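Colleague: Quick check, what structure comes out for this input:
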Amino acid sequence: MPTRRKIKIDVHFTPSQLDELQLKDKNVVVIDVLRSSTTIAMALQNGAREIIPVADIESAVKISGSLFGEVVLRGGERNGKMIEGFNLGNSPGEYTGQAVRGKSIIFMTTNGTAAMVKGRYAKNLIVAGFVNLSTVVEFLCGLQSDIMIVCAGKEHRFCIEDSVCAGKIITKLTRELGNDVVIGDGSRAAVALDHAEGRSILKMLKSSDHGKYLTEIGFADDLKVCAQLDSIPVLPVLSGSVIRLSKESPKPSRQAKN
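Modeller: Numbers count the residues shown, from 1 in each chain. Coordinates of the predicted model:
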């Protein structure tokens, strides 16, 4: 009987040491719990046509200038706050059905979208957070192939919330796939962090550096949304330069919250 191929799971705690070539043709999961991953999932769940992640404000302005204004929004943040001239910030609650249904959203954030842009040549790139964790794991189990998890971090530095989310993903994958999984040091560290800090997601977010900062500037309610495990069961997938719902995701409801 042939030996089954082992599936290797690697974790990078920031994208700063990665370039596009290292992610090319890989199965990549990008995590930015606070808040890009959560906001993207919310927007797509509420009927947004697509999300176009960009690495900087200049790119957002350039791309939006070449598209039809009435069906295009600019969303995102710099240093946590909505960018002047943009339609939306980076609070998941802003991305209601009334605001985003049928729209293309050019999206720029301080940490998350830069990591997503780096992975544009990946074989598969999935956007993950606590809110869609089980949906992501189900998809990854079906790949039967190596996985690279990239935590967006905070301004090129480690952040605990993305790392705990990575640990939860790895723990669920190992439960599903058993001895077929091989994990490296980064993955082991993420799992250990999840065991230590992941029992109360909201408590962990509130005590994190970025969670404290968001609370200070008036976005404490966003932490509650970002902490809700499996509350938005969608699978955002980057194809080329655009993030859309995977066909494996549930269809957005016309009764999506306004």
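Colleague: The stretch 51-200 of the chain: helices as residue ranges?
Modeller: Ranges of helices in the stretch 51-200 of the chain, per DSSP state H, counting those that start in this stretch, are 57-65, 97-100, 112-118, 133-143, 160-177, 185-197.
Colleague: buried residues in the shortest one?
Modeller: Read it as helix 97-100. Gly97, Ala99, Val100 (16 or more other CB atoms under 10 Å). For glycine as for every other residue, the C-beta is placed from the backbone atoms N, C-alpha and C.
Colleague: Now do that helix, average pLDDT.
Modeller: Average pLDDT, helix 97-100: 98.
Colleague: weakest of the helices of the stretch 51-200 of the chain by average pLDDT?
Modeller: Among those, helix 57-65 carries the lowest mean pLDDT (a mean of 84).
Colleague: From the contact counts, what lies against that one?
Modeller: Helices and strands touching helix 57-65, by 3 or more CB pairs under 8 Å, 6 or more residues apart in numbering; DSSP states H and E, are strand 72-78, strand 104-108.
Colleague: Low-confidence ranges, this structure, go.
Modeller: Where the chain drops to pLDDT under 70, the residues are 1-4, 66-69, 248-258.
Colleague: excluding its backbone neighbours, what's nearest the residue nearest the centre of it?
Modeller: Taking CA atoms, centre = their mean, the centroid of the chain lies closest to Ser37, which sits 3.0 Å from it. The shortest distance from Ser37 to any non-neighbouring residue, by CB to CB, 6 or more residues apart in numbering, is to Gly129 (3.5 Å).
Colleague: And for the closest residue to Gly198 other than its chain neighbours, the neighbour number?
Modeller: Using CB to CB, 6+ apart and skipping residues adjacent in sequence, the residue nearest Gly198 is Val164, 4.7 Å away. Around Val164 there are 27 other residues, counting by other CB atoms under 10 Å.
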